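K.L.:
This is the structure alone, sequence omitted:
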């Protein structure tokens, strides 16, 4: 997957995304003030008040959560494309998640804040943010036309790649991109009708070797070279000419056979590097994922303390052996770490495994329904995933994430097919995509493909969806054994 499209298109849209975010910050601040003022005037029994440090904390959390979730749901990027109903529903979704986070924060820090204030703050955010976005949707087109200076672009090349680039440029017309025509690389273009290429309309074809003559009569901002890699060497003089004229040049590089990779340019010192990444690489989004992991893991450990104590008591009571089962697992990019679980099997479970290999129900991984090594309470702990609760500590340590492919043991990884190893390129998680579709009932290859599907389509919104859908599965114990 080539990553130049966002740079070309979104660079003209990014300024408006920043404006949308700034507008949201203002509306969140107004929502807070309105909620605070209304709650202060309500004739309720309890005296209401929030200290300045707590106000700052609540506002900062609400602002950060709203901006990150809006970006994850692609509201800023798609304000003009979303229907009014979708704008309202997506705004409700991320405001609800923000308020849920605030409630967890209130509970964790024991702030003891007013419930009517929380309700008013959430309601104000939803109404004001939705109204602001509906207004932006209505007028964004005219604002963009007024503030965006059209950018005139030529495509160098006349082959299939050049036509693909040209069609993409036509699609970018609403962002101020203006396709002017094509440059032929092989001397003078043919005369007559062949001197034009047809897409949504006819475009002229000019000789790249007469670039200076062209610039005397035409406005040109940039050239995109859609040519084979072998054709670049003879064009060095043309690149120098563009550099002297100050014309921006780009090279379409979709001839590289990277099926799953995004492609982007980085620098190492002064050395340009063309980078291929087959896993998520947006550092801001990954940082937000890590922040969400820490918040949820810390909150989960606090909330689950009674369950942890009861589980520890039951494990100790049911069979001899340690409370916590420790096992080496493979984490991000194959890093080894110690995974923690409540022990659900007898103490010598690993020694008994060779005698049970004939009962294994899956390839590569070892899984038996009604495993005879389970302790009296082990099946219950597994069915409701209580044995996994200590892994919240793994999440806090950074070994794992809340959502991600489940961490395998080294012996399983040794038997992976090559295409399956890419699942190690994402931090392992407590829950995953295939957990929503059958958990232990799925075959191994299906689980692998679901993990790769998660990696290829990862977003913060997908993580939140998986978390929310996992909760009822864990509560009911559906699909586990």
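P.N.:
Right, received. Where do you want to start? No experiment lies behind these values; they were computed from the predicted model shown.

K.L.:
So which residues of this protein form strands?
P.N.:
Using DSSP state E, the strands assigned to the chain run over residues 151-156, 177-184, 196-198, 202-207, 222-225, 248-251, 262-268, 271-277, 324-330, 336-342, 401-403, 429-431.

K.L.:
Just send these back as CSV, with mean neighbour count too.
P.N.:
For glycine as for every other residue, the C-beta is placed from the backbone atoms N, C-alpha and C. Compiled in CSV, the strands of the chain are given as follows (neighbours: other CB atoms under 10 Å):
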stretch, mean neighbour count
strand 151-156, 23
strand 177-184, 21
strand 196-198, 14
strand 202-207, 16
strand 222-225, 22
strand 248-251, 16
strand 262-268, 13
strand 271-277, 12
strand 324-330, 16
strand 336-342, 17
strand 401-403, 26
strand 429-431, 25
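
K.L.:
Among those, which comes closest to residue 418?
P.N.:
Each of these was checked against residue 418 via CB to CB, and the shortest separation belongs to strand 324-330, namely 15.7 Å.

K.L.:
Would you list the strands that the closest one pairs with, along with their directions?
P.N.:
Strand 324-330 sits in its sheet next to strand 336-342 (antiparallel), going by DSSP bridges.

K.L.:
so how far is the strand it pairs with from its chain's centroid?
P.N.:
When distances are taken as CA atoms, centre = their mean, to the nearest Å, strand 336-342 is centred 26 Å away from the chain's centroid.

K.L.:
And for stretch 450-467?
P.N.:
Between the mean C-alpha location of stretch 450-467 and the chain-wide mean there is a distance of 7 Å, by CA atoms, centre = their mean.

K.L.:
If I look at the residue nearest to residue 182 when sequence neighbours are not counted, what pLDDT would I see?
P.N.:
Once its chain neighbours are removed from consideration, residue 182 has its nearest residue in residue 205; the separation is 4.7 Å (CB to CB, 6 or more residues apart in numbering). The confidence metric pLDDT takes the value 90 at residue 205.

K.L.:
wait, doesn't residue 205 sit right on residue 196?
P.N.:
Yes: when contacts are counted by CB atoms under 8 Å, residue 205 is listed as touching residue 196 (6.4 Å).

K.L.:
Does residue 95 touch residue 66 like I think?
P.N.:
Yes: counting by CB under 8 Å, residue 66 is a contact partner of residue 95 at 7.1 Å.

K.L.:
Quick check: neighbours shared by the two?
P.N.:
Applying CB atoms under 8 Å, 6 or more residues apart in numbering, one finds that residue 95 and residue 66 are jointly contacted by 125, 129.

K.L.:
Neighbour count for the two, which is higher?
P.N.:
residue 95 (27 against 24; other CB atoms under 10 Å).

K.L.:
what sits against residue 315?
P.N.:
Contacts for residue 315 (CB under 8 Å, 6+ apart) come out as 323, 342-344, 375, 377, 381.

K.L.:
on that earlier part again, go through the strands of the chain and name the closest to residue 29.
P.N.:
Closest among the strands of the chain, once you apply CB to CB, is strand 401-403, at 29.7 Å.

K.L.:
can you tell me the average pLDDT over the closest one?
P.N.:
Model confidence over strand 401-403, given as mean pLDDT, is 94.

K.L.:
you'd agree residue 395 is up against residue 402?
P.N.:
Yes: applying CB under 8 Å, one finds residue 395 in contact with residue 402, separated by 6.1 Å.

K.L.:
okay, and the common contacts of these two?
P.N.:
Shared contacts of residue 395 and residue 402, counting by CB under 8 Å, 6+ apart, come down to 293, 296-297, 430.

K.L.:
Among these, which one lies nearest to residue 416?
P.N.:
Distance to residue 416, by CB to CB, is smallest for residue 430 among the shared contacts of residue 395 and residue 402, at 21.3 Å.
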